[in-house]
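*Asks:* structure for this input, please:
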Amino acid sequence: MAIDWYPLLFSPILKDRIWGGTKLSSLLHKDIVSLTTGESWEISTVPGDISVVENGKLAGKSLEEILDMDPEALLGKKVYATFGTAFPLLFKFLDAKEDLSIQLHPNDELARIRHNSFGKTEMWYVMQADPDSRIIVGFEKEASPEEYLYHLEHKTLTKILKEIKVAPGDVFFLETGTIHAIGAGIVIAEIQQTSDITYRVYDWDRVDAEGKSRELHIDLALDAIDYTVSNTKCEYSKIVNTANPVIDCPYFTTNFIPLDGALDFQKTADSFTVLVCTEGTFSIRTHGMITAFQKGDTVLIPAVITDFQLSGSASLLEIFIS
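*Replies:* Residues are numbered from 1 along each chain as shown. Next up is the predicted model:
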C-alpha cells in the first residue's frame, strides 16, 4: 500500500496517578479530566496503551496499524532490521505534584526472562520545576544489598540516596538498575525503551482514597539494583539552530535544538525522527506541506521523509536511533 507519509501527531494517553496534578493541562495543553493526572503517553505501543494518530489522512488509525502498512518506511531501514515491526521507544510527559515512589527498572536480560519485555533505560528532560524541587538518583556512595535492606526496613532509605536540586533544561540519563524518584513540583519529558516494567521499593507509606497502599517489589528489585554510584546529569551545549548532542546510547540518540528561524534537515532513511516541543511553537515543511505544532506536542517523522525544514521559535528534543 503506497502511503503519502507526513509528520504524525498522536492522541495523548492520559494516566491518573496518586502523585499527579494539573500541569499537563496548564503547561502542555492536554485535555485532562482528573486533578491527579500524572502522565501523558505521547507515543506508545505498550500493550493496552497503543497510540492513535490524531492528525491528517491517517487519523483514527493506531500506531500498530500504520506500522503494519509499511514498517520500513515508518521506522527506517536500520530500525526495522533490528526491531521488526516493534516500535522501540516510549515517549511521555510526567507531572509530579507529589513525590513519585522510589523505584528502578530491570535491564534487558532480566526484563526478557521475567516479563518478556525490553528493559527500561530512560532519560529525563526537566521542563518545569518549582523552587527547591529535587530528584533522587542513585546512591551517595557505593552500597551493598545488606545496607540497602537495612535502611529500607528502618524507613531511612533516603539517607543513603543522592538528592539533586533541578531546574528547567536539566537532563538526566538513567541506566537500568538506577534507583530513583522524581520529586514533587517537577514536569519532565521522558524518553525510554518501550517497557512498562517498574520495581517500586518505597512509596512514602502513603495510601489511596480507599486506604490501600500500592504494591511493592522488594524481592524482584534486590538483584536488579545497581549499587554503585552513578553520574546521571548530562551537560550539553545550547547553540541556536543547531542539533546539540545530549545523549547517544545504544537505545536512542537525543539532541537539543534551540530553534530561532529556519533550519533544514537532510537525514538518512535508517531511522524515524521524533521531535518533542518543550517550549514555543514551530512548523515542519515536508514536500511543500506545512504542519504547525506547539509546546507539549510530540511529533513522529517517518524515516522515509529524509528532507524537511523546521521554522519557528521553540526548544526541541530531537530523538532517533543511531
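*Asks:* these two touch, right, Thr273 and Asn255?
*Replies:* No: with contact defined as Cβ atoms under 8 Å, Thr273 does not count as touching Asn255 (9.9 Å). Backbone N, C-alpha and C define where each C-beta goes, glycine included.
*Asks:* quick one: the helices in this protein?
*Replies:* Applying DSSP state H to the chain gives helices spanning 23-26, 63-69, 71-75, 77-83, 108-115, 145-153, 218-222.
*Asks:* nearest to Gly280, out of those?
*Replies:* Shortest distance between Gly280 and those, using Cβ to Cβ, is found for helix 23-26: 16.5 Å.
*Asks:* packing partners of the closest one?
*Replies:* strand 37-43, strand 89-96 (3 or more Cβ pairs under 8 Å, 6 or more residues apart in numbering; DSSP states H and E).
*Asks:* same thing but 7 Å
*Replies:* Under the contact definition 3 or more Cβ pairs under 7 Å, 6 or more residues apart in numbering; DSSP states H and E, helix 23-26 sits against strand 89-96.
*Asks:* the strand it packs on versus strand 37-43: what angle between them?
*Replies:* 160 degrees (axes from the mean of the first three to the mean of the last three Cα atoms, to 10 degrees).
*Asks:* bridged to Ala181, which residues?
*Replies:* Beta bridges link Ala181 to Ile136 when assigned by DSSP bridges.
*Asks:* low-confidence ranges in the stretch 51-200 of the chain?
*Replies:* The model of the stretch 51-200 of the chain has no residue with pLDDT under 70.
*Asks:* sorry, back to before: and the helices of the chain: which comes nearest Asp4?
*Replies:* Here helix 71-75 is closest among these (Cβ to Cβ), at 10.7 Å.
*Asks:* CA atoms only for the closest one - export them in PDB, please.
*Replies:* Taking Å, rounded to 0.1, in the frame of the first residue of the first chain, the C-alpha atoms of helix 71-75 are listed here in PDB:
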ATOM      1  CA  PRO A  71       7.200  -0.700   8.700                       C
ATOM      2  CA  GLU A  72      10.500   0.100   6.900                       C
ATOM      3  CA  ALA A  73       9.200   3.400   5.600                       C
ATOM      4  CA  LEU A  74       8.000   4.500   9.100                       C
ATOM      5  CA  LEU A  75      10.700   3.000  11.300                       C
END
